[in-house]
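Undergrad: Fold the following and give me the result.
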Amino acid sequence: MKKTLLAALCFVLALSATQAQKITGAGATFPYPIYSKWFTEYSNAHPGVQINYQSIGSGGGIKQVCSGLVDFGASDMP
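TA: Coordinates of the predicted model:
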């Protein structure tokens, strides 16, 4: 019985580890410093979430969103 419980616990831990969220974004360079701080603080508060943002410019972010290469884009243009 103990081996079964231990196996079940290992399975649950392995499953939760594989369900980490990885979020990728790209876009504006101007707000990158604040985005970087926010994403770091969010990831620290939610260890299962990793956010990767590439500051490549608004146009590049729009192109990557439209191509489906990133989960979100950012622009500082109205």
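
Undergrad: CA only for contacts and neighbour counts going forward, please
TA: Fine.

Undergrad: Strands along this structure, start to end?
TA: 21-27, 49-55, 72-74 (DSSP state E).

Undergrad: Out of the ones you listed, which is closest to Lys37?
TA: Lys37 sits nearest to strand 49-55 of all the strands of the chain, at 11.1 Å, using CA to CA.

Undergrad: Summarise which helices and strands the closest one is packed against.
TA: Strand 49-55 sits against strand 21-27, helix 32-45, with contacts defined as 3 or more CA pairs under 8 Å, 6 or more residues apart in numbering; DSSP states H and E.

Undergrad: Just name whatever secondary elements the longest one is in contact with.
TA: Spelled out, it's helix 32-45. Against helix 32-45 (3+ CA pairs under 8 Å, 6+ apart) you get strand 49-55.

Undergrad: With the first one instead?
TA: Contacts defined by 3+ CA pairs under 8 Å, 6+ apart place strand 21-27 against strand 49-55, helix 58-66, strand 72-74.

Undergrad: Can you give the distance of the last one from its chain's centre?
TA: In this case it means strand 72-74. 12 Å (CA atoms, centre = their mean, to the nearest Å).

Undergrad: Residues in contact with that strand: which ones?
TA: By CA atoms under 8 Å, 6 or more residues apart in numbering, the residues outside strand 72-74 that reach it are Thr24, Gly25, Ala26, Gly27, Ala28, Ser58, Gly61, Ile62, Gln64, Val65.

Undergrad: do that again at 10 Å, thanks
TA: Residues from elsewhere that reach strand 72-74 (CA atoms under 10 Å, 6 or more residues apart in numbering): 23-29, 31-32, 35, 53-66.

Undergrad: That concludes my questions; thank you for your assistance.
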